[in-house]
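A.B. asks: After the sequence you'll find the predicted model.
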Amino acid sequence: MPAQRFIDQLNAQIGNEFAAHQQYLACAIHYETLTMPQMAAFFYTQALEERDHAMMMVQYLLDQDAQVEIPGVEAPINKFADVVEPVQLALEQERRVTGQVNELTKIAREEADFASDQFMQWFIKEQVEEVSTMSDLLAVVTRSKDVEAVEEYVAREQGDPGSDPTAPRVAGS
């Protein structure tokens, strides 16, 4: 059984992941209203990834016979000034999540909770990718105010990466 401190923090992180899911939906809808289908599709995909991250955490707790508590989340930001602002927000969010993942790993290690430490390793790798992706996307949308160029970049660079066989199992799948 995981350490109670880890369980408590992982339950909180489940809420953070669901909040990220909702925020990315709001970003996707913003791009839908601007008729930017590639950016909208990118953020819809990101939203599903965040939901899956939450459900991976749920499954881990279920597998460990630990209590799962789904917390409520704050409403996402729904209004953006331009095409850049949602990506800036997404990068800030990914950096914040990286800190949260690192804190969870630290707790697992402090508690000598080796299974939870191992579980968190995939999320550490995932956050490196997420921050890099959002950093690159922010550079592109900041540099290019041309909507077609942004859409072309997203279509070219954000194709289907396929599934990751090392990813934790998603609850309900």
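C.D. replies: In hand now; what should we look at?
A.B. asks: Can you point out the helix or strand that includes the residue most central in space within the chain?
C.D. replies: Compute the mean C-alpha point of the chain, and by Cα atoms, centre = their mean the closest residue is E50, 4.0 Å away. In the assignment (DSSP states H and E), E50 maps to helix 37-63.
A.B. asks: Which strands and helices lie in contact with that helix?
C.D. replies: Applying 3 or more Cβ pairs under 8 Å, 6 or more residues apart in numbering; DSSP states H and E, we find helix 37-63 packed against helix 4-33, helix 85-110, helix 114-143, helix 147-157. (C-beta placed from N, C-alpha, C; glycine too.)
A.B. asks: Could you identify which of the ones you listed is most buried?
C.D. replies: Burial of these is given as mean neighbour count (mean count of other Cβ atoms under 10 Å); helix 4-33 ranks first at a mean of 20.
A.B. asks: Which strands and helices lie in contact with that one?
C.D. replies: Helix 4-33 packs on helix 37-63, helix 85-110, going by 3+ Cβ pairs under 8 Å, 6+ apart.
A.B. asks: need those in TSV with mean pLDDT, can you?
C.D. replies: Compiled in TSV, the helices and strands packed on helix 4-33 are given as follows (pLDDT from 0 to 100):
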stretch	mean pLDDT
helix 37-63	97
helix 85-110	98
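A.B. asks: Nearest to S135, out of the ones you listed?
C.D. replies: Closest to S135 of those, according to Cβ to Cβ: helix 85-110, at 6.2 Å.
A.B. asks: so that closest one versus helix 114-143, what angle?
C.D. replies: 160 degrees (axes from the mean of the first three to the mean of the last three Cα atoms, to 10 degrees).
A.B. asks: Other residues contacting stretch 42-61?
C.D. replies: When contacts are defined by Cβ atoms under 8 Å, 6 or more residues apart in numbering, stretch 42-61 is touched by residues 2, 7, 10-11, 13-14, 17-18, 20-22, 24-25, 27-28, 31, 67-68, 70, 86, 90, 116, 119, 123, 126, 137, 154, 158, 167-173.
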